[in-house]
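Colleague: Just a sequence and a predicted model for now, questions to come.
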Amino acid sequence: MSLPAADPNAPVLYVSDLDGTLLDAEGRLSERSRRGLKRLLDKGLPFTVATARSVYSVRDVLAGLELPLPVIEFNGAMLSELDGNHHQVHSLPADLGSAFVDHLLQEGEAPLIATAGREKDTLYYNRVDNDGIRWLIENRFQDGDQRLHQVDDYGQATREQMVCITTIGREERIRELKAELGAIVGKKAILRSWGSLYAPGWHWMTLHAAEARKELGLQALVENAGLQGWSVTCFGDGGNDAGMLAAAHRGIAMANAGEATAAAANLRIGPNTADSVVRFLEIDWDGKRLP
């Protein structure tokens, strides 16, 4: 899918991935990027992010910045304001989510389940089986994530709107689980896996609704914000960004992007470790570079 053609003189909306794109190698917004992005936002930059993270994690890494538009979170499963209010939620089919969790439990795994409740969102977890899970839980605790809720069983979680089921393990184990569970999931949902950027040696596997694609989240954002006719520029580095880069009027891949992702883009810029997104914005939108 691609966005409708934009007028050459139309204003530009900018949407950036976070990890491996806007954030540095430690998963933080560098002081250089924070200072530059704040200045641009204060001047009216039409900017937001599209990420595999939750909006609560986005709020933490972008603390002090006021985004003028909703955030595309959980790879497009949700379109949300930074305060946690949701404009759109694509949850997993209840029967599929429950079957997926049951299979993981039978395999001795303890997944994390993110849900969108009527009153609040929750991140359910049962036990900490490895250092990969420990890293995630500690990271969320350190950021004061109020969603965290430890349970003895997942009954309550599977009765709510499940938006993401996460399993963390070594690469070989995740590969085995993905092969087994792929037959259960089919085309009814999206099963993704990747190596962690911040917990070396650990791999993640996530299950999202079939609609959880950044390019669909981008389309929902444009419609929700009334930006039809605008030109859209997107930045990304990962395989989950490729569809968004291809759908945008201008897709920009980072120097650290994989070849398949770069092939979906129109342009390639510097790496995420060199403040490349903000430097591009300073020239492309503001017309000048900060010292």
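Modeller: Arrived safely, thanks for sending.

Colleague: Now do the buried residues in stretch 204-211.
Modeller: Neighbour counts over stretch 204-211 (16 or more other CB atoms under 10 Å) mark Trp204, Met205, Thr206, Leu207, His208, Ala209, Ala210, Glu211 as buried. In this view, the C-beta of every residue, glycine as well, is placed from N, C-alpha and C.

Colleague: Redo these as CSV? Include secondary structure, distance to Asp131 and pLDDT.
Modeller: Output for the buried residues of stretch 204-211, formatted as CSV (DSSP: H, G, I helix; E, B strand; the rest coil; distance: CB to CB, whole Å; pLDDT from 0 to 100):
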residue, secondary structure, distance to Asp131, pLDDT
Trp204, strand, 13, 97
Met205, strand, 16, 98
Thr206, strand, 19, 98
Leu207, strand, 22, 98
His208, strand, 24, 98
Ala209, strand, 29, 98
Ala210, coil, 32, 97
Glu211, coil, 33, 97
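
Colleague: Just name the closest of the residues you listed to Ser193, please.
Modeller: Closest approach between the buried residues of stretch 204-211 and Ser193, by CB to CB: Met205, at 4.4 Å.

Colleague: Quick check: bridge partners of the closest one?
Modeller: With DSSP bridges as the criterion, Met205 is bridged to Thr167, Ser193.

Colleague: now the strands for the stretch 51-200 of the chain?
Modeller: 71-73, 78-80, 86-89, 112-116, 121-125, 148-150, 161-169, 189-195 (DSSP state E, counting those that start in this stretch).

Colleague: quick one on the thing from earlier: which one of the buried residues of stretch 204-211 sits closest to Val101?
Modeller: When the buried residues of stretch 204-211 are compared against Val101 (criterion: CB to CB), the nearest one is Leu207, at 9.3 Å.

Colleague: tell me the contacts of the closest one?
Modeller: By CB atoms under 8 Å, 6 or more residues apart in numbering, the contact set of Leu207 is Leu92, Gly97, Phe100, Cys164, Ile165, Leu181, Val185, Ala189, Ile190, Leu191.

Colleague: What separation is there between the first one and Ala6?
Modeller: Think Leu92. Here the criterion is CB to CB, to the nearest Å. By it, Leu92 lies 33 Å from Ala6.

Colleague: cool, Arg118 as well?
Modeller: Going from Arg118 to Ala6 by CB to CB gives 37 Å.

Colleague: Ok, Asp286 next?
Modeller: Counting by CB to CB, the gap from Asp286 to Ala6 is 20 Å.

Colleague: out of those two, which sits in the more crowded spot?
Modeller: Between Asp286 and Ala6, counted using other CB atoms under 10 Å, Ala6 has the larger neighbour count: 19 against 14.

Colleague: what's the closest of the strands of the stretch 51-200 of the chain to Arg28?
Modeller: strand 71-73 (17.5 Å).

Colleague: tell me what that closest one is packed against?
Modeller: strand 47-49, helix 55-61, strand 78-80, helix 214-224 (3 or more CB pairs under 8 Å, 6 or more residues apart in numbering; DSSP states H and E).

Colleague: most tightly surrounded among the ones you listed?
Modeller: Highest mean neighbour count of the helices and strands packed on strand 71-73: strand 78-80, a mean of 27 (counted as mean count of other CB atoms under 10 Å).

Colleague: which two from the contacts of Leu207 end up farthest apart in space?
Modeller: Cys164 and Leu181 (14.5 Å).

Colleague: Can you pick out the residue with more neighbours from the two?
Modeller: For the pair Cys164 and Leu181, the greater number of neighbours falls to Cys164 (26 against 20), based on other CB under 10 Å.

Colleague: Quick check: that one touching Thr206?
Modeller: Yes. Judged on CB atoms under 8 Å, Cys164 makes contact with Thr206 at a distance of 5.7 Å.

Colleague: give me the low-pLDDT residue ranges for the stretch 1-150 of the chain?
Modeller: Along the stretch 1-150 of the chain, no part satisfies pLDDT under 70.
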